[in-house]
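A.B. asks: based on what follows, work out the 3D shape:
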Amino acid sequence: MSEARAATQSVRIVKHSVVIAGHRTSVSLEDAFWRALNDIAAQESVSLAALIARVDAGRGEANLSSALRVFVLERALDARETPPSPSPHLSPQAGRGVIGAAPTMDDGERDVAAPSPRLRGEVR
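C.D. replies: Take a look at the predicted model:
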């Protein structure tokens, strides 16, 4: 599949019917978010419906589709913040720095992202 076609597929809105707390509802999300939700459900060994119900229970006044998008985004950001395990084949010194150390700027400042103000595990 071409890159342009894959991008078009990812932004295509797909509507799914789900049952949450005994009530049937429909949720419209981009295909990329459905794929991510299915991946997360598989990683957590829960059904997609159970995962959606969990997000629904913690969303407060937010729209369910928006809460699901934010949930997926926060999971992706959390995954990015978790450093990969260093390879046992690499020495603790790599070039000028230490494995896992943040790169430095020319003036010696560390190039690190500011901590996120969001609360972990909470869907709004």
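A.B. asks: what's the longest helix along the chain packed up against?
C.D. replies: In the chain, taking DSSP state H as the definition, the longest helix is helix 64-81. In terms of contacts (3 or more Cβ pairs under 8 Å, 6 or more residues apart in numbering; DSSP states H and E), helix 64-81 is packed against strand 23-30, helix 31-43, helix 48-57. Every residue, glycine included, has its C-beta placed from N, CA and C.
A.B. asks: what would those look like in a markdown table with mean pLDDT and distance to R80?
C.D. replies: Shown next, in a markdown table, are these (pLDDT from 0 to 100; distance: least, Cβ to Cβ, whole Å):
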| stretch | mean pLDDT | distance to R80 |
| --- | --- | --- |
| strand 23-30 | 94 | 20 |
| helix 31-43 | 96 | 14 |
| helix 48-57 | 95 | 20 |
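A.B. asks: of all those, which one is nearest A67?
C.D. replies: With Cβ to Cβ as the measure, helix 48-57 is the member of the helices and strands packed on helix 64-81 nearest A67 (5.4 Å).
A.B. asks: A helix includes S17, no?
C.D. replies: No. Per DSSP: H, G, I helix; E, B strand; the rest coil, S17 lies outside any helix segment and is strand.
A.B. asks: number of residues surrounding the closest residue in space to it that isn't next to it in sequence?
C.D. replies: Once flanking residues are discounted, S17 sits nearest to S26: 5.0 Å by Cβ to Cβ, 6 or more residues apart in numbering. Using other Cβ atoms under 10 Å, S26 has 10 neighbouring residues.
A.B. asks: got it, and S65?
C.D. replies: S65 has 16 nearby residues by other Cβ under 10 Å.
A.B. asks: next one, pLDDT for it please.
C.D. replies: With respect to pLDDT, S65 has a value of 96.
A.B. asks: just to revisit the earlier point, the residue nearest to S17 reaches I20, doesn't it?
C.D. replies: No. Counting by Cβ atoms under 8 Å, S26 stays clear of I20, with 10.8 Å between them.
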